Structure formats: C-alpha cells, structure tokens
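J.: Curious how this folds, go ahead:
(chains A and B)
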Amino acid sequence: AQTVTQSQPEMSVQEAETVTLSCTYDTSESDYYLFWYKQPPSRQMILVIRQEAYKQQNATENRFSVNFQKAAKSFSLKISDSQLGDAAMYFCAYRYNQGGKLIFGQGTELSVKP
Amino acid sequence: DTGVSQDPRHKITKRGQNVTFRCDPISEHNRLYWYRQTLGQGPEFLTYFQNEAQLEKSRLLSDRFSAERPKGSFSTLEIQRTEQGDSAMYLCASSLGQALTDTQYFGPGTRLTVL
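T.: Numbering: from 1, shown residues only, chains lettered A, B, ... in the order given. Next up is the predicted model:
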C-alpha cells in the first residue's frame, strides 16, 4: 500500500527567510504524481505545486520549488522569501494514476515570524 | 469563477441521527471526490465518482455511509446512525479528470460534530 510520511509536525521560519518541508513516500509504482497542498486556518485547501514522477526536472512555482528524489522516494518543498501569508498547514500528497484518489501525509504546520 | 461549494458548513447532531451533506463541484468537472479529515491529520479518501458512476470506495466507508451523484452533477454523502467517531471535517473535491496532471480542487468542507 502506498503511504506518505511528513516527519515534521511543526516548522517555523522568519519572514523573508527560506524553509524546507520534508516528505517521503512509499510505492511500488513507477508512474505517479506528487503534490503539495496548503490549508490556511479555517480556509480551504489549495494546490501549491505538483510533480510528475517521469520528469527529472524539479517543479517550480514562483517562490515555491521542490526537490524530487525518485530513488530515495523523497519530495521536499522549499519556500523562499517566506511571507506571513504562507503560514498554514502543508500536506504532501501522492496519486498513482490519472484522476485517482490522493493519499495525504499527516501535515506540517508552518508558522512565519515577522 | 465558482469553486467547489459544500453545504452545510457546520452540522451538530446527536448520536444515532442521520445526516446528509451536499457538494456542488466546479461546473464541467466530471470527477468528484469525498475525503474525511480529523483534527491534526491529513485528509483520508472515502469515495469518488466519474460522472454518476461511483468508481472507488474506501474501506473507511462503512455500511452506514452512502454517497450518490445523480445526473453527474452535485453529490450527497449520507451518514446513518451517526457515532461520535464520525465527528470530522468532510471535504469534497472535483477535477476535470482529463489531463495527466489532473488537479483536484477542494471545497471549504462540512464540519460534523456528533454529541
């Protein structure tokens, strides 16, 4: 069975600094997709960034980038120039086929200090 | 741009009562998903639909849970004979289901409290 593990329940970063959130996963599949979702307090979940497993190039979306290590089954999220609005719960998620269910990690709560 | 909507946003019920939640997906999204999220945890998959067909159900979805998506538009999730362990946030998501990187868009959730 596929599993997703986020080993950091809480992280803190100073405004304008960089922070990296960790995620590891377990799967026997070779073709899959990985996602980072952000869930602000009392607000709905939104997609931050996604990565296709067949692509070697790491995905980047503005201040957000990933470090995808397929052999190590690692998928970390780097947030550069952290802003107060980045404070939220971040979930790493895995999907093993097109349009299928997402399997989420336990989440990392990120706080941003002014 | 109308996102995924869910109704009600909050529901308080007594143990043993039945409850029904509604989800309206983004128009033209043919896939609709239900997840359950307990405090401090990541969402757990319950079931999903492709149009009106229910394609997958989790083992978490006991006989007391039933989901429908008549006509492939909105969906309802019913919980019969609620138990205190059913207290959670119930999330709905929808997607086009056509692109390789099919993105699921989430609604605000329905928070259920069973007393």
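J.: so where's chain A uncertain?
T.: Within chain A, the stretches falling below the threshold (pLDDT under 70) are A:98-99.
J.: Residues of it that sit close to chain B?
T.: Near chain B, the residues belonging to chain A are A:4, A:6, A:33, A:37, A:43-47, A:50, A:52, A:91, A:93, A:98-107 when assessed by C-beta under 8 Å from any C-beta of the partner chain. The way it works is simple: take the backbone N, C-alpha and C, and place the C-beta from them, glycine included.
J.: List the ones among those residues that fall in strands.
T.: Mapping these onto strands (DSSP state E) picks out A:Val4, A:Tyr33, A:Tyr37, A:Ile46, A:Leu47, A:Arg50, A:Glu52, A:Phe91, A:Ala93, A:Ile103, A:Phe104.
J.: Name the helix or strand of chain B that has the lowest mean pLDDT.
T.: strand B:53-57 (a mean of 92; mean pLDDT, DSSP states H and E).
J.: Give me every residue in chain B lying close to chain A.
T.: By C-beta under 8 Å from any C-beta, the residues of chain B that approach chain A are B:3-4, B:31, B:33, B:35, B:40-45, B:48, B:50, B:56, B:58, B:91, B:95, B:97, B:100-109.
J.: Narrow the residues you listed to just the buried residues.
T.: Listed as buried from the residues of chain B next to chain A are B:4, B:31, B:33, B:35, B:42-45, B:48, B:58, B:91, B:95, B:97, B:102, B:104-109; burial here means 16 or more other C-beta atoms under 10 Å in any protein chain shown.
J.: Out of the residues you listed, list just those in strands.
T.: B:Arg31, B:Tyr33, B:Tyr35, B:Glu44, B:Phe45, B:Tyr48, B:Leu91, B:Ser95, B:Tyr105, B:Phe106.
J.: Out of those, which comes closest to A:Glu29?
T.: Of all those, B:Phe45 has the smallest distance to A:Glu29: 16.3 Å, by C-beta to C-beta.
J.: Chain neighbours aside, what residue packs nearest to the closest one?
T.: Spatial nearest neighbour of B:Phe45, excluding adjacent residues (C-beta to C-beta, 6 or more residues apart in numbering or on different chains): A:Lys101 at 4.0 Å.
J.: With B:Glu52 instead?
T.: Spatially, and ignoring its direct neighbours in sequence, B:Glu52 is nearest to B:Gly72 (4.4 Å; C-beta to C-beta, 6+ apart).
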